[in-house]
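*Asks:* attaching a predicted model along with its sequence, questions to come.
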Amino acid sequence: MHLRNITNNLATGIITTGGIGLIVIVVGIIVFIFYQALPLWQGTSTEKLQDIEIVQFLPSGESAVYAGEEEQKEIVYVITQNGRIYFINFPQKKLIGRTELTKLNDNTITSAAQLFGTQRIALGTNHGEILEIEIVFNTLFETNSRTIVPEVFEKNLYRVNNDAPVTSLEAGHEDDRLVFAGIQTSARQEVFIARVSADSTLQTTYLENLSAPVTALTVNSSSSEIIIGFGDGSIERRNFDGNKIERTLASSHSITALKYLIGDITLIIGDAQGHVTGWMTLGHDHSAPALTKFRTFQPHAQPVEAIAVSWRNKSFITADGSGAIHLNHSTTEQTLLDLNTGQAPFIINFSPKSDGLLIVHASGLISNYQLSNAHPEATLKTLFGKVWYESYPEPTYTWQSTGGTDDFESKISMIPLIFGTLKGTLYAMIFAIPLAIFGAIYTSQFAHPRIRTIIKPTVEIMAALPSVVIGFIAGLWLAPLMKNVMVEFIVMLILTPLLIFIFFYGYSKLPRTWTASIKQGYEVFMMIPMLILAGFLCYQIGFSIENGLLGGDVQTWLYQTLGIRYDQRNAIIVGIAMAFAVMPIIFTITEDSLSSVPAHLTSASLALGASRWQTAIKVVLPAASAGIFSAVMIGFGRAVGETMIVLMATGNTPIMDWSIFNGMRTLSANIAVEIPEAPHGGTLYRVLFLSGALLFIMTFMVNTIAEIVRQRLRKKYATM
Amino acid sequence: MKKILQSGDLFLWFTGAALGTIILLVSGLLFIVGLNGAGVFWPSNLALVQYADGRQWLGEIGSEEIIPQSNLPENLRGDDHTRFQMKIGNRDVYGVDFKWINDYELTELRYPENAIALERREYGNLYGFLESIKESDRIIVQGEEALTTFESLLEKSNDVFEQRTRLEKSEVGAVNFQIEQLRLTIKKLEYEGGHAADEITAIQNSIQTLQRQYETLRESIDELNSKTASTYVVFKIADGSTKEIPISKIIRFYKPNQMNGIEKLQYYAAKIWEFLADDPRESNTEGGVFPAIFGTVMMVLIMTLVVVPFGVMAAVYLREYAKQGVLVRLIRIAVNNLAGVPSIVFGIFGLGFFVYVCGGTIDQLFYPERLPSPTWGTGGILWASLTLSLLTIPVVIVATEEAISAVPKGVRDGSMALGATKWQTTWRVVLPASTPGILTGVILSMARGAGEVAPLMITGVVKLAPNLPIDQIWPFVHLDRKFMHLGFHIYDVGFQSPNVEAAKPMVFMTALLLIAIVLLLNLTAIIIRARLRKKYQSSAF
């Protein structure tokens, strides 16, 4: 007796927990998926790691000309104008090493340029020399500790033709050889390009015909150009031989800073008014490629003094004389961080992994910042808006998440995917809705009950067919076939209804004694051979049309006459295949709601002399319309989320094009294609979770509406 | 005319035609898969075709079609010409497996009596004529007698191959696995620190012993290999050249043009058996799908083990225990919605939650020494099964709810009136009465699970798994292993393999198998349901 009650209570407890656990799981799934996508909107944050007064390490009179740090952000090096390199362990605030550059011969360093992506630095001197050095950080592991030991290699000392001081220096490379561009200032300003030749000597070209004072310059290694900014606000592209390619007016004020972002496509220009803009070389139709402004960033209040570029992504830093520092992301045009240090920065630099910021102030204060900026490329605008990407002639919606190289600008617009999803669904619904609803009307209203016992299992089999099989048949059997019978198929779509009408007309003219052998409710058996016959006729007609009017090959005709490209795996294939997958569910729900219309309604209608058709269309359909609506909604939900069919029956190219002859990429197929390649926690991973969440929301809304409508309908029937 | 339209019979015809189309679509699809699948292993006759310019090909004749006008030479434009596809095999010679034979170039087509088809371990089939058999460089037999010698030699060679495979798979596999385990133990000891130097040396010693075992095994495998290594079979192929094939690379041969119906049937049966029971060969385009069948079945079983208790519990709660109100309505809508959520969404949930969160945590807690290479923090059969159980649980809940609600209230009241507790009533009366209904739901969910691919692709299915999730190595069941799956096999072989045309027959066969499994499960469910209805209709409740 006692045990019995204990068991009963225990069972109640377990079952209740299990039941409530279910709703927790459902909610949990939603929450988890959103939670995974959430960090996309986490802003950028910085944390000041350390401040060090550099003066405490430097002898008086010695000041920094350049500074940088290694990957772990532990060791900062400071190069002084006297040619010494100081290595400071930042966390310990300790000087750990000092190296004297021997090749300098007591000359002073007047400018410095770091070669992108490396720790190779070119130093310009007051005697027209350029010294190339490389700093190597060796990591040593000893019992449970790790030490980083810096080492300096002095490479070559190059001599520019003229021995005036090199006051500004930029470095790039042409193939594997270094190229320098710089300004020498003595009595007058001279701008040079210097190329290192095979025997490690420098070949200097001085630029001529400079129309205004040069205020900034930079080197584009990938296209072997140097970009010169002038005091009158114009910029000029010249090749490495010094010949002018083009000149563009970029600003109404003096250009103060120029820098190429990773990939050497986007040129960031800062001017004396504080404007920061992004430019790229773009060809317009038939005119020669010219620098074109395509991005604008938050302006500074004072002239832009320095630009530093990330080695990892498309972000960059701009700084002005007042100490305002902006961290911008090029693709998004967002200013991720607006930092005001209060004093003029002298040198700014990203850490090699772009997770930190090193600022050397004119006062000698070095600040080291930690940056946490996991997903700078994802904003509402890049996800859902038009973005003008690098090398694109205009703003577009594009999905291309990964490219071959690190400097690829990832394009993560969801719009082509949402478009593809809707397109696929639309074509599926075009095929599925008429067939399923008409079929259900026939089954529930006109078919003999005995036929229903055949139809129901047929539809159940259809529903049970794995989508991978449907997709496989569509992609490997139907798509190659459709390529050959495209015209025939379209003719079939148009002509079959007409042929049915003709058959019907002929049938109604037949003597009654002939037609009486087909009982009411069994018409469908007559339809099947008729459809086959209609199909055969349409095939013949289509074949004649293709050979007669379209020159025998419809794809060539389409391309040459209408300019339409024909993809083998196109929207028609997906439409048919996906219609196959959603038809059973639409059919079943429609049939259910039609047959549960109370029988007294139909009996009354028939008794009043209405025909079977009139009863069906005027009485049953209106009564069950809500059920049909919910059937369509649920079918829609299924089509939106279908993955394998779309994956196999389209080319999965994320294009935006309503053409029935082109493919698409849907949200669901996109997840399946890309998530195996997406690193856990990366931007792509989170964007894919976001698209999962979108799918979830879409289907959730559709299903909930359908469910509510159905419940109302049930209540309505109950009161009839 | 007006009268005809008014009666509406025309529109009735349209609805009938729509239904007819649906029926045609379903039967058409089944027919295509059945036709293409069932014919795959039938040994078709080998035709020798000759072109006017003297070129010859030997192979199996496939489908025929009308040549598109644009593909015809100028002087033949306007006429209708046909071409047929021929499987010419000999991939190592021709580079491709198929060739279109144009009727306007064809001069002769015959079926030579002694044409021979060879199934090989590499490069697909070879079609040709047996010339001679060579031992090293010496011809040992030639002409007519070569065939009997070939037969007996092939039998020996296949024996050797089987022995070798057994050695490699079970014994070498076991030794390798043990070595790997011991290495991981060392790693663990080192990770934990402490003073385990002695233990580590002991383990290193046993690794060395195992290594020696491995060497001996290797030697015996090499010895087996050398038994057949020097035997070559020489074939003449259609273009007149000869081709020497090492006998160890041959699986079987047949002469379809000499075979009668029964012999062909025997061959067909042998091939079907191979398909069901063997491992795949040649990047899944030949051989069998046994690992995929095994993986599918095992995954579905694990899924069922999870789904049945939880699904039934949830349904019992909703029908018997919960107060019918807003909460229950909410749960029902949630369950219905769960059934409508796209399977790929479950997939990413499975990847994010089961693989990365659960698996990652397990790795950190129990296998930190193996990181960063994941043990549980990567796709595996357990995670895939759990993901699928989320996907299929609504099916079980809905079916169980229906079955429970079909049990008349009087039965419950009777039980309660006799003094039974609620649990006793549920367990002894309600559930037994609804068992067939629950069973239907379970079978339907199994069918759904067996056919689903998208979520599995990202939670643990691979194109080729070296080991089954169950083997003779302790702990026998390896739920962390990746596995193969019939549905994914279709996708992978049909769409990812480099030689799609050659892989197609295999894909059709696999599709046929998958459809058969799914339909069998569905049919069982339909039958159970039909019986159930009858029982309820005739029962005295």
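*Replies:* Done, it's in.

*Asks:* check contacts around A:Arg247.
*Replies:* Going by Cβ atoms under 8 Å, 6 or more residues apart in numbering or on different chains, A:Arg247 touches A:Ser234, A:Ile235, A:Glu236, A:Arg237. In short, each C-beta sits where N, CA and C put it, glycine included.

*Asks:* OK, contacts around the residue of the stretch 401-550 of chain A found nearest chain B?
*Replies:* Relative to chain B, the nearest point of the stretch 401-550 of chain A is A:Pro466 (2.8 Å; Cβ to the nearest Cβ). For A:Pro466, the contact set (Cβ under 8 Å, 6+ apart) comprises B:Ala450, B:Gly451, B:Glu452, B:Val453, B:Gly487, B:Leu514, B:Ile515, B:Val518.

*Asks:* before we move on, what about A:Lys259?
*Replies:* A:Thr218, A:Leu267, A:Ile268, A:Ile307, A:Ala308, A:Val309, A:Phe316.

*Asks:* tell me how far A:Gln184 lies from A:Ser111.
*Replies:* Separation of A:Gln184 from A:Ser111 (Cβ to Cβ, to the nearest Å): 10 Å.

*Asks:* likewise for A:Gln400?
*Replies:* Going from A:Gln400 to A:Ser111 by Cβ to Cβ gives 39 Å.

*Asks:* go on, A:Leu258?
*Replies:* 15 Å.

*Asks:* now do stretch A:603-619, average pLDDT.
*Replies:* Per-residue pLDDT over stretch A:603-619 has a mean of 87.

*Asks:* equivalent analysis for stretch A:179-199, please.
*Replies:* Throughout stretch A:179-199, pLDDT has a mean value of 87.

*Asks:* tell me how far it lies from the chain's centre.
*Replies:* In this view, stretch A:179-199 has its centroid 41 Å away from the chain centroid, taken as Cα atoms, centre = their mean, to the nearest Å.

*Asks:* for that stretch, buried residues please.
*Replies:* Buried residues in stretch A:179-199, defined by neighbour count with 16 or more other Cβ atoms under 10 Å in any protein chain shown: A:179-184, A:190-196.

*Asks:* isn't A:Gln445 up against A:Arg612?
*Replies:* Yes. Counting by Cβ atoms under 8 Å, A:Arg612 is a contact partner of A:Gln445 at 6.7 Å.

*Asks:* so between those two, which is more surrounded?
*Replies:* Neighbours were counted for A:Gln445 and for A:Arg612 using other Cβ atoms under 10 Å in any protein chain shown; A:Gln445 has more, 23 against 18.

*Asks:* can you tell me the closest non-neighbouring residue to the more buried one?
*Replies:* In space, A:Gln445 comes closest to A:Ala616 once its chain neighbours are excluded; the distance is 4.3 Å by Cβ to Cβ, 6 or more residues apart in numbering or on different chains.

*Asks:* make sure the one you found is indeed in a helix.
*Replies:* Yes. Per DSSP: H, G, I helix; E, B strand; the rest coil, A:Ala616 lies within a helix segment.

*Asks:* chain B versus A:Ala639, what's the distance?
*Replies:* Relative to chain B, A:Ala639 is positioned 10 Å away (Cβ to the nearest Cβ, to the nearest Å).

*Asks:* helix or strand for that residue, which one?
*Replies:* Using DSSP states H and E, A:Ala639 sits in helix A:621-641.

*Asks:* list the buried residues of that helix.
*Replies:* Residues of helix A:621-641 classed as buried: A:621, A:623-624, A:626-641 (neighbour count, 16+ other Cβ under 10 Å).

*Asks:* ok, stretch B:222-236 next?
*Replies:* Residues of stretch B:222-236 classed as buried: B:Leu224, B:Thr228, B:Thr231, B:Tyr232, B:Val233, B:Val234, B:Phe235, B:Lys236 (neighbour count, 16+ other Cβ under 10 Å).

*Asks:* in helices, which of these appear?
*Replies:* With DSSP state H as the criterion, helices contain B:Leu224, B:Thr228 from among the buried residues of stretch B:222-236.

*Asks:* ok, A:Ile430 - contacts?
*Replies:* Counting by Cβ under 8 Å, 6+ apart, A:Ile430 touches A:Gly575, A:Ala579.

*Asks:* rewinding a little: contacting residues for the residue nearest to A:Gln445?
*Replies:* The contact partners of A:Ala616, taken as Cβ under 8 Å, 6+ apart, are A:Ile441, A:Gln445, A:Phe446, B:Gly8.

*Asks:* who in the stretch 51-200 of chain B is up against chain A?
*Replies:* Contact residues (Cβ under 8 Å from any Cβ of the partner chain) of the stretch 51-200 of chain B with chain A: B:Glu65, B:Pro68, B:Gln69, B:Ser70.

*Asks:* switch to 6 Å and redo it
*Replies:* B:Pro68, B:Gln69, B:Ser70 (Cβ under 6 Å from any Cβ of the partner chain).

*Asks:* overlap in contacts of A:Gln184 and A:Ser111?
*Replies:* Common neighbours of A:Gln184 and A:Ser111, using Cβ atoms under 6 Å, 6 or more residues apart in numbering or on different chains, are A:Val166.

*Asks:* just the CA atoms of whatever helix or strand A:Ala113 lives in, as CSV, please.
*Replies:* Using DSSP H and E, A:Ala113 sits within strand A:109-114. Output of strand A:109-114 as CSV, limited to C-alpha atoms (Å, rounded to 0.1, in the frame of the first residue of the first chain):
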residue,chain,number,x,y,z
ILE,A,109,67.5,58.0,-38.3
THR,A,110,65.0,60.5,-39.7
SER,A,111,62.2,58.2,-40.9
ALA,A,112,61.0,54.6,-40.7
ALA,A,113,58.7,52.2,-42.6
GLN,A,114,57.7,48.7,-41.7
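
*Asks:* could the C-alpha coordinates of the helix or strand that that strand is followed by be exported in PDB?
*Replies:* Under the assignment DSSP H and E, the closest C-terminal helix or strand after strand A:109-114 is strand A:120-125. Provided in PDB are the C-alpha atoms of strand A:120-125 (Å, rounded to 0.1, in the frame of the first residue of the first chain):
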ATOM      1  CA  ARG A 120      61.300  44.100 -41.500                       C
ATOM      2  CA  ILE A 121      61.900  47.800 -41.100                       C
ATOM      3  CA  ALA A 122      63.500  50.300 -43.400                       C
ATOM      4  CA  LEU A 123      65.100  53.200 -41.700                       C
ATOM      5  CA  GLY A 124      65.900  56.400 -43.600                       C
ATOM      6  CA  THR A 125      68.900  58.500 -42.400                       C
END
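
*Asks:* in the next helix-or-strand element following strand A:120-125, which residues are buried?
*Replies:* Elements were assigned by DSSP H and E; along the chain past strand A:120-125, the next helix or strand is strand A:129-142. Going by neighbour count (16+ other Cβ under 10 Å), the buried part of strand A:129-142 is A:Glu129, A:Ile130, A:Leu131, A:Glu132, A:Ile133, A:Ile135, A:Phe137.

*Asks:* so which elements touch strand A:129-142?
*Replies:* Strand A:129-142 sits against strand A:120-125, strand A:145-159, with contacts defined as 3 or more Cβ pairs under 6 Å, 6 or more residues apart in numbering or on different chains; DSSP states H and E.

*Asks:* residue ranges of each domain in chain A, please.
*Replies:* What automatic domain parsing lists as the domains of chain A is A:378-413, A:414-681+A:688-719.

*Asks:* give me whichever of these is most buried.
*Replies:* Highest mean neighbour count among the domains of chain A (mean count of other Cβ atoms under 10 Å in any protein chain shown): domain A:414-681+A:688-719, with a mean of 19.

*Asks:* ok now that domain, how far from the chain's centre?
*Replies:* 32 Å.

*Asks:* now swap in stretch A:209-229 and tell me
*Replies:* The chain centre lies 33 Å from the centre of stretch A:209-229; the measure is Cα atoms, centre = their mean.

*Asks:* can you get me the start-to-end distance on it?
*Replies:* Taking Cα to Cα, to the nearest Å as the measure, stretch A:209-229 stretches 14 Å from start to finish.

*Asks:* neighbouring contacts of that stretch?
*Replies:* Stretch A:209-229 is contacted from outside by A:170, A:172-174, A:181, A:191, A:193, A:230-232, A:235-240, A:254-260, A:264, using Cβ under 6 Å, 6+ apart.
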